[in-house]
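Engineer: The sequence isn't on hand, but the structure is:
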(Lines give C-alpha, C1' and ligand atoms only; values in the text may rest on other atoms or scores of the structure.)
Protein backbone atom coordinates (compact mmCIF):
# COMPACT_ATOMS: atom_id res chain seq x y z
CA UNK A 1 0.00 0.00 0.00
CA UNK A 2 2.96 2.32 0.68
CA UNK A 3 3.74 2.43 -3.05
CA UNK A 4 0.09 2.91 -4.07
CA UNK A 5 -0.18 6.35 -2.49
CA UNK A 6 -0.17 9.24 -5.01
CA UNK A 7 3.28 10.80 -5.54
CA UNK A 8 3.83 14.12 -3.78
CA UNK A 9 5.03 17.26 -5.57
CA UNK A 10 8.52 18.64 -4.96
CA UNK A 11 9.68 22.01 -6.29
CA UNK A 12 13.29 23.23 -6.30
CA UNK A 13 14.79 26.67 -6.78
CA UNK A 14 18.07 28.23 -5.67
CA UNK A 15 16.09 30.01 -2.97
CA UNK A 16 13.67 27.42 -1.55
CA UNK A 17 12.12 23.95 -1.63
CA UNK A 18 8.39 23.23 -1.40
CA UNK A 19 6.62 19.90 -1.01
CA UNK A 20 2.88 19.22 -1.34
CA UNK A 21 1.00 15.93 -0.97
CA UNK A 22 -2.55 15.60 -2.33
CA UNK A 23 -5.06 12.79 -2.01
CA UNK A 24 -8.46 11.61 -3.22
CA UNK A 25 -9.00 12.40 -6.95
CA UNK A 26 -7.90 14.81 -9.66
CA UNK A 27 -11.50 16.05 -9.78
CA UNK A 28 -11.65 16.69 -6.01
CA UNK A 29 -8.09 16.94 -4.70
CA UNK A 30 -7.50 17.19 -0.96
CA UNK A 31 -4.42 18.60 0.74
CA UNK A 32 -2.70 15.94 2.88
CA UNK A 33 0.66 17.57 3.66
CA UNK A 34 2.84 20.54 2.77
CA UNK A 35 6.06 22.19 3.83
CA UNK A 36 8.55 24.84 2.72
CA UNK A 37 12.12 25.72 3.59
CA UNK A 38 14.32 28.67 2.61
CA UNK A 39 17.76 27.52 1.45
CA UNK A 40 20.95 29.14 2.66
CA UNK A 41 22.97 30.68 -0.21
CA UNK A 42 25.35 28.26 -1.88
CA UNK A 43 23.43 25.00 -1.36
CA UNK A 44 21.80 25.15 -4.80
CA UNK A 45 23.09 27.76 -7.20
CA UNK A 46 21.85 28.39 -10.72
CA UNK A 47 19.98 25.08 -10.53
CA UNK A 48 23.09 23.02 -9.65
CA UNK A 49 23.66 21.29 -6.31
CA UNK A 50 26.81 22.59 -4.62
CA UNK A 51 26.34 21.05 -1.16
CA UNK A 52 24.88 17.56 -1.57
CA UNK A 53 25.08 16.46 2.07
CA UNK A 54 23.40 19.63 3.29
CA UNK A 55 20.64 19.27 0.69
CA UNK A 56 20.10 15.62 1.67
CA UNK A 57 19.65 16.58 5.31
CA UNK A 58 17.19 19.36 4.42
CA UNK A 59 15.13 17.06 2.19
CA UNK A 60 15.11 14.29 4.79
CA UNK A 61 13.73 16.65 7.43
CA UNK A 62 11.29 18.31 5.03
CA UNK A 63 9.75 15.00 3.93
CA UNK A 64 9.98 13.27 7.32
CA UNK A 65 8.57 16.16 9.34
CA UNK A 66 6.43 18.45 7.18
CA UNK A 67 5.00 21.63 8.69
CA UNK A 68 1.48 20.39 7.92
CA UNK A 69 0.25 16.79 7.75
CA UNK A 70 2.31 13.71 6.92
CA UNK A 71 3.95 12.30 3.78
CA UNK A 72 2.95 8.65 3.33
CA UNK A 73 4.85 7.73 0.18
CA UNK A 74 8.41 7.76 -1.12
CA UNK A 75 7.24 8.48 -4.70
CA UNK A 76 7.25 12.04 -6.00
CA UNK A 77 7.21 14.30 -9.05
CA UNK A 78 9.62 17.22 -9.17
CA UNK A 79 10.28 20.32 -11.22
CA UNK A 80 13.38 22.08 -12.40
CA UNK A 81 13.53 25.88 -12.63
CA UNK A 82 12.59 27.15 -16.08
CA UNK A 83 16.09 28.63 -16.36
CA UNK A 84 17.56 25.08 -16.25
CA UNK A 85 15.38 23.71 -19.04
CA UNK A 86 15.47 24.37 -22.79
CA UNK A 87 12.20 24.67 -24.69
CA UNK A 88 11.71 24.73 -28.44
CA UNK A 89 8.58 24.72 -30.60
CA UNK A 90 8.35 23.59 -34.22
CA UNK A 91 5.98 22.01 -36.76
CA UNK A 92 6.49 18.62 -38.36
CA UNK A 93 6.14 18.06 -42.08
CA UNK A 94 3.04 16.14 -43.15
CA UNK A 95 2.84 12.34 -43.42
CA UNK A 96 6.04 11.44 -41.54
CA UNK A 97 6.24 7.90 -40.21
CA UNK A 98 7.34 7.22 -36.62
CA UNK A 99 10.99 6.64 -37.48
CA UNK A 100 11.22 9.91 -39.42
CA UNK A 101 9.48 11.80 -36.62
CA UNK A 102 12.05 10.52 -34.12
CA UNK A 103 14.94 11.48 -36.42
CA UNK A 104 13.47 14.94 -36.98
CA UNK A 105 13.11 15.52 -33.24
CA UNK A 106 16.70 14.43 -32.59
CA UNK A 107 17.83 16.78 -35.36
CA UNK A 108 15.94 19.67 -33.73
CA UNK A 109 17.58 18.90 -30.37
CA UNK A 110 21.01 18.93 -32.00
CA UNK A 111 20.47 22.20 -33.86
CA UNK A 112 18.51 24.24 -31.32
CA UNK A 113 19.90 23.44 -27.86
CA UNK A 114 23.33 24.61 -26.65
CA UNK A 115 24.65 21.16 -25.66
CA UNK A 116 25.44 17.92 -27.53
CA UNK A 117 22.66 15.32 -27.72
CA UNK A 118 24.57 12.97 -25.40
CA UNK A 119 24.58 15.64 -22.66
CA UNK A 120 20.79 16.12 -22.58
CA UNK A 121 17.65 14.38 -21.43
CA UNK A 122 14.67 15.40 -23.55
CA UNK A 123 11.02 14.64 -24.17
CA UNK A 124 8.22 16.09 -26.29
CA UNK A 125 4.52 16.18 -27.12
CA UNK A 126 2.91 16.40 -30.56
CA UNK A 127 -0.51 17.86 -31.28
CA UNK A 128 -1.69 18.61 -34.82
CA UNK A 129 1.94 18.34 -35.99
CA UNK A 130 2.97 21.02 -33.47
CA UNK A 131 5.86 19.81 -31.33
CA UNK A 132 6.74 21.07 -27.86
CA UNK A 133 10.28 19.89 -27.15
CA UNK A 134 11.89 20.27 -23.71
CA UNK A 135 15.38 19.27 -22.57
CA UNK A 136 17.60 19.52 -19.50
CA UNK A 137 21.30 18.90 -18.98
CA UNK A 138 22.13 15.35 -17.91
CA UNK A 139 24.62 16.57 -15.30
CA UNK A 140 22.00 18.75 -13.61
CA UNK A 141 19.37 16.00 -13.54
CA UNK A 142 21.85 13.28 -12.52
CA UNK A 143 23.03 15.35 -9.53
CA UNK A 144 19.48 15.45 -8.20
CA UNK A 145 18.88 11.77 -8.94
CA UNK A 146 22.01 10.88 -6.99
CA UNK A 147 20.68 12.71 -3.92
CA UNK A 148 17.29 11.02 -4.28
CA UNK A 149 18.86 7.55 -4.50
CA UNK A 150 20.75 8.06 -1.26
CA UNK A 151 17.53 9.21 0.43
CA UNK A 152 15.68 6.19 -1.03
CA UNK A 153 12.94 8.32 -2.55
CA UNK A 154 11.65 7.52 -6.01
CA UNK A 155 11.03 10.16 -8.73
CA UNK A 156 8.15 9.28 -11.04
CA UNK A 157 8.47 12.28 -13.37
CA UNK A 158 10.48 15.45 -13.89
CA UNK A 159 8.92 18.41 -15.66
CA UNK A 160 9.61 22.04 -16.45
CA UNK A 161 8.21 24.40 -13.84
CA UNK A 162 5.92 26.16 -16.34
CA UNK A 163 3.95 22.94 -16.90
CA UNK A 164 3.42 22.45 -13.16
CA UNK A 165 2.37 26.08 -12.77
CA UNK A 166 -0.16 25.80 -15.57
CA UNK A 167 -1.71 22.69 -14.05
CA UNK A 168 -2.02 24.49 -10.73
CA UNK A 169 -3.15 27.93 -11.91
CA UNK A 170 -4.86 27.41 -15.27
CA UNK A 171 -6.32 23.93 -15.01
CA UNK A 172 -8.46 23.13 -18.05
CA UNK A 173 -9.02 26.77 -19.11
CA UNK A 174 -8.85 27.26 -22.88
CA UNK A 175 -8.11 31.00 -22.82
CA UNK A 176 -4.92 32.58 -24.08
CA UNK A 177 -3.06 33.14 -20.82
CA UNK A 178 0.38 34.41 -19.87
CA UNK A 179 1.85 33.19 -16.58
CA UNK A 180 4.41 35.69 -15.28
CA UNK A 181 6.42 33.83 -12.64
CA UNK A 182 8.38 36.52 -10.79
CA UNK A 183 10.88 34.67 -8.62
CA UNK A 184 13.88 35.76 -6.61
CA UNK A 185 16.43 35.68 -9.43
CA UNK A 186 14.50 35.31 -12.69
CA UNK A 187 11.11 36.11 -14.16
CA UNK A 188 9.71 33.45 -16.47
CA UNK A 189 6.99 34.19 -19.01
CA UNK A 190 4.97 31.17 -20.19
CA UNK A 191 2.33 31.66 -22.89
CA UNK A 192 -0.53 29.14 -23.03
CA UNK A 193 -3.14 28.76 -25.75
CA UNK A 194 -5.88 26.15 -25.31
CA UNK A 195 -4.00 24.83 -22.30
CA UNK A 196 -0.87 24.16 -24.36
CA UNK A 197 2.51 25.82 -23.79
CA UNK A 198 3.32 27.99 -26.82
CA UNK A 199 6.19 30.19 -25.71
CA UNK A 200 8.62 30.38 -22.78
CA UNK A 201 11.07 33.20 -22.05
CA UNK A 202 13.20 34.03 -18.98
CA UNK A 203 14.74 37.37 -17.99
CA UNK A 204 17.00 38.34 -15.08
CA UNK A 205 14.77 41.10 -13.72
CA UNK A 206 13.16 39.67 -10.55
CA UNK A 207 12.63 40.00 -6.80
CA UNK A 208 16.25 40.23 -5.65
CA UNK A 209 16.97 42.90 -8.27
CA UNK A 210 14.00 44.94 -7.05
CA UNK A 211 15.26 44.71 -3.46
CA UNK A 212 18.81 45.69 -4.42
CA UNK A 213 17.47 48.77 -6.23
CA UNK A 214 15.60 49.81 -3.06
CA UNK A 215 18.65 49.06 -0.91
CA UNK A 216 20.99 51.19 -3.04
CA UNK A 217 18.67 54.15 -3.68
CA UNK A 218 17.24 54.37 -0.15
CA UNK A 219 20.53 53.48 1.57
CA UNK A 220 18.94 50.68 3.63
CA UNK A 221 19.86 47.04 4.30
CA UNK A 222 18.76 44.24 1.99
CA UNK A 223 16.39 42.93 4.67
CA UNK A 224 14.82 46.38 5.09
CA UNK A 225 14.47 46.59 1.31
CA UNK A 226 12.68 43.22 1.26
CA UNK A 227 10.25 44.43 3.91
CA UNK A 228 9.60 47.71 2.08
CA UNK A 229 8.97 45.81 -1.15
CA UNK A 230 6.38 43.58 0.54
CA UNK A 231 4.68 46.08 2.87
CA UNK A 232 4.76 49.28 0.79
CA UNK A 233 5.13 47.95 -2.73
CA UNK A 234 3.50 50.06 -5.44
CA UNK A 235 1.55 52.28 -3.07
CA UNK A 236 2.36 55.89 -4.10
CA UNK A 237 0.98 57.29 -0.84
CA UNK A 238 3.48 55.55 1.47
CA UNK A 239 7.00 56.88 2.24
CA UNK A 240 6.40 59.96 0.04
CA UNK A 241 6.13 57.67 -2.97
CA UNK A 242 9.87 56.84 -2.93
CA UNK A 243 9.44 53.05 -2.87
CA UNK A 244 6.74 53.27 -5.53
CA UNK A 245 8.94 55.29 -7.91
CA UNK A 246 11.90 52.91 -7.57
CA UNK A 247 9.79 49.78 -8.08
CA UNK A 248 7.87 51.42 -10.92
CA UNK A 249 11.12 51.89 -12.82
CA UNK A 250 12.13 48.26 -12.20
CA UNK A 251 8.81 46.93 -13.43
CA UNK A 252 9.04 48.81 -16.73
CA UNK A 253 11.36 46.03 -17.99
CA UNK A 254 8.75 43.39 -17.20
CA UNK A 255 5.98 45.44 -18.83
CA UNK A 256 8.12 45.94 -21.94
CA UNK A 257 8.88 42.20 -22.15
CA UNK A 258 5.21 41.25 -21.84
CA UNK A 259 4.29 43.69 -24.62
CA UNK A 260 6.97 42.20 -26.89
CA UNK A 261 5.79 38.64 -26.17
CA UNK A 262 2.18 39.61 -26.85
CA UNK A 263 3.08 41.36 -30.11
CA UNK A 264 5.13 38.36 -31.30
CA UNK A 265 2.35 35.90 -30.46
CA UNK A 266 -0.31 38.04 -32.12
CA UNK A 267 1.70 38.36 -35.34
CA UNK A 268 2.36 34.62 -35.41
CA UNK A 269 -1.14 33.39 -34.59
CA UNK A 270 -3.54 36.30 -35.09
CA UNK A 271 -4.74 35.76 -31.51
CA UNK A 272 -4.68 38.21 -28.60
CA UNK A 273 -3.64 37.68 -25.01
CA UNK A 274 -6.72 37.43 -22.79
CA UNK A 275 -5.38 37.21 -19.25
CA UNK A 276 -2.18 37.44 -17.19
CA UNK A 277 -1.65 35.35 -14.07
CA UNK A 278 1.09 36.29 -11.61
CA UNK A 279 3.11 33.65 -9.77
CA UNK A 280 6.32 33.55 -7.73
CA UNK A 281 7.41 35.28 -4.55
CA UNK A 282 7.03 38.81 -5.94
CA UNK A 283 3.49 38.22 -7.25
CA UNK A 284 1.99 39.50 -4.02
CA UNK A 285 3.84 42.86 -4.01
CA UNK A 286 1.22 45.36 -2.90
CA UNK A 287 -0.78 46.85 -5.84
CA UNK A 288 1.32 44.98 -8.46
CA UNK A 289 -1.62 43.26 -10.17
CA UNK A 290 -3.52 46.55 -10.50
CA UNK A 291 -0.41 48.40 -11.68
CA UNK A 292 0.28 45.85 -14.42
CA UNK A 293 -3.38 45.75 -15.45
CA UNK A 294 -3.41 49.55 -15.88
CA UNK A 295 -0.20 49.53 -17.94
CA UNK A 296 -0.99 46.49 -20.06
CA UNK A 297 -4.75 47.03 -20.37
CA UNK A 298 -5.36 43.36 -19.62
CA UNK A 299 -6.88 41.52 -16.65
CA UNK A 300 -4.06 40.64 -14.25
CA UNK A 301 -4.66 38.22 -11.37
CA UNK A 302 -2.52 36.72 -8.64
CA UNK A 303 -2.70 32.97 -9.13
CA UNK A 304 -4.77 30.99 -6.63
CA UNK A 305 -3.49 27.39 -6.41
CA UNK A 306 -6.03 26.58 -3.68
CA UNK A 307 -9.04 27.37 -5.86
CA UNK A 308 -10.15 23.77 -6.45
CA UNK A 309 -8.35 22.04 -3.57
CA UNK A 310 -9.84 21.00 -0.23
CA UNK A 311 -7.52 22.60 2.33
CA UNK A 312 -9.48 21.68 5.44
CA UNK A 313 -6.29 20.31 7.03
CA UNK A 314 -5.06 23.89 7.45
CA UNK A 315 -8.09 24.67 9.62
CA UNK A 316 -7.17 22.08 12.23
CA UNK A 317 -6.50 23.52 15.66
CA UNK A 318 -2.85 22.47 15.72
CA UNK A 319 -2.17 24.10 12.34
CA UNK A 320 -4.50 27.11 12.22
CA UNK A 321 -2.12 29.77 13.54
CA UNK A 322 0.80 28.57 11.41
CA UNK A 323 -1.48 28.34 8.35
CA UNK A 324 -2.20 32.08 8.55
CA UNK A 325 1.43 32.70 7.54
CA UNK A 326 1.21 30.56 4.39
CA UNK A 327 1.52 32.39 1.04
CA UNK A 328 -0.31 29.98 -1.32
CA UNK A 329 1.27 31.17 -4.58
CA UNK A 330 4.71 30.03 -3.33
CA UNK A 331 3.46 26.43 -3.40
CA UNK A 332 1.93 26.58 -6.89
CA UNK A 333 4.60 24.54 -8.76
CA UNK A 334 4.62 21.80 -6.09
CA UNK A 335 0.81 21.75 -6.14
CA UNK A 336 0.88 21.34 -9.91
CA UNK A 337 3.26 18.38 -9.62
CA UNK A 338 1.10 16.83 -6.90
CA UNK A 339 -1.97 17.21 -9.15
CA UNK A 340 -0.10 15.30 -11.87
CA UNK A 341 0.49 12.60 -9.24
CA UNK A 342 -3.29 12.09 -8.96
CA UNK A 343 -3.56 10.98 -12.60
CA UNK A 344 -3.43 7.28 -13.46
CA UNK A 345 -0.10 7.32 -15.34
CA UNK A 346 1.66 10.54 -14.30
CA UNK A 347 4.94 9.55 -15.96
CA UNK A 348 3.12 9.57 -19.34
CA UNK A 349 0.89 12.60 -18.76
CA UNK A 350 3.58 15.26 -19.01
CA UNK A 351 6.77 16.06 -20.90
CA UNK A 352 8.92 13.87 -18.65
CA UNK A 353 12.64 14.67 -18.48
CA UNK A 354 13.61 11.65 -16.40
CA UNK A 355 15.99 9.26 -18.20
CA UNK A 356 14.02 6.48 -19.84
CA UNK A 357 14.41 3.19 -18.02
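Structural biologist: Arrived safely, thanks for sending. Quick caveat: nothing in here was measured; it's all calculated off a predicted structure. Numbers count the residues shown, from 1 in each chain.
Engineer: Skip the chain neighbours and tell me the closest residue to residue 73.
Structural biologist: In space, not counting the residues next to it along the chain, residue 73 is nearest to residue 5; the distance is 3.7 Å by Cβ to Cβ, 6 or more residues apart in numbering. (Each C-beta comes from the backbone N, C-alpha and C, glycine too.)
Engineer: Does the one you found touch residue 33 like I think?
Structural biologist: No - between residue 5 and residue 33 there is no contact under Cβ atoms under 8 Å: 10.9 Å.
Engineer: quick one: which of these two has more around it?
Structural biologist: Between residue 5 and residue 33, counted using other Cβ atoms under 10 Å, residue 33 has the larger neighbour count: 20 against 16.
Engineer: now the nearest residue to residue 331 once chain neighbours are set aside: how far from residue 117?
Structural biologist: Spatial nearest neighbour of residue 331, excluding adjacent residues (Cβ to Cβ, 6+ apart): residue 18 at 5.1 Å. To residue 117, residue 18 is 32 Å away according to Cβ to Cβ, to the nearest Å.
Engineer: and these two? which has more neighbours close in?
Structural biologist: residue 18 (22 against 12).
Engineer: Follow the chain on from whatever helix or strand the more buried one lives in and name the next helix or strand.
Structural biologist: Per DSSP states H and E: residue 18 is located in strand 16-24. Downstream of strand 16-24, the next assigned helix or strand under DSSP H and E is strand 29-38.
Engineer: quick one: that following strand to strand 16-24, angle?
Structural biologist: 170 degrees (axes from the mean of the first three to the mean of the last three Cα atoms, to 10 degrees).
Engineer: any chance you could map the helices in the stretch 1-150 of the chain?
Structural biologist: For the stretch 1-150 of the chain, the helices defined by DSSP state H, counting those that start in this stretch occupy 52-64, 98-112, 138-151.
Engineer: of those helices, which approaches residue 355 most closely?
Structural biologist: helix 138-151 (7.4 Å; Cβ to Cβ).
Engineer: Next secondary structure after the closest one?
Structural biologist: Of the helices and strands lying after helix 138-151 in sequence (DSSP H and E), the nearest is strand 154-160.
Engineer: pLDDT averaged over the helix or strand just after that following strand - what is it?
Structural biologist: Scanning forward in sequence from strand 154-160 by DSSP H and E, the next helix or strand is helix 161-169. Averaging pLDDT along helix 161-169 gives 95.
Engineer: Against which helices or strands is helix 161-169 packed?
Structural biologist: Packing partners of helix 161-169 (3 or more Cβ pairs under 8 Å, 6 or more residues apart in numbering; DSSP states H and E): strand 8-12, strand 75-80, strand 176-182, strand 187-193, strand 196-203, strand 275-279, helix 332-341.
Engineer: Would you mind finding the most buried of those?
Structural biologist: Comparing those by mean neighbour count (mean count of other Cβ atoms under 10 Å), helix 332-341 ranks first with a mean of 30.
Engineer: so what secondary structure elements neighbour that helix?
Structural biologist: Checking 3+ Cβ pairs under 8 Å, 6+ apart, helix 332-341 ends up next to strand 8-12, strand 16-24, strand 29-38, strand 75-80, strand 154-160, helix 161-169.
Engineer: Please state the offset of stretch 205-212 from the chain centre?
Structural biologist: 18 Å (Cα atoms, centre = their mean, to the nearest Å).
Engineer: Hmm, I typed the wrong one, I wanted stretch 248-265.
Structural biologist: That offset, for stretch 248-265, works out to 20 Å (Cα atoms, centre = their mean).
Engineer: Need the contact partners of it.
Structural biologist: 176, 178, 180, 182, 187, 189, 191, 198-199, 201, 203, 205, 209-210, 213, 234, 271-273, 276, 288, 291-292, 295-296 (Cβ atoms under 8 Å, 6 or more residues apart in numbering).
Engineer: quick one: the strands in the stretch 201-350 of the chain?
Structural biologist: 275-279, 300-302 (DSSP state E, counting those that start in this stretch).
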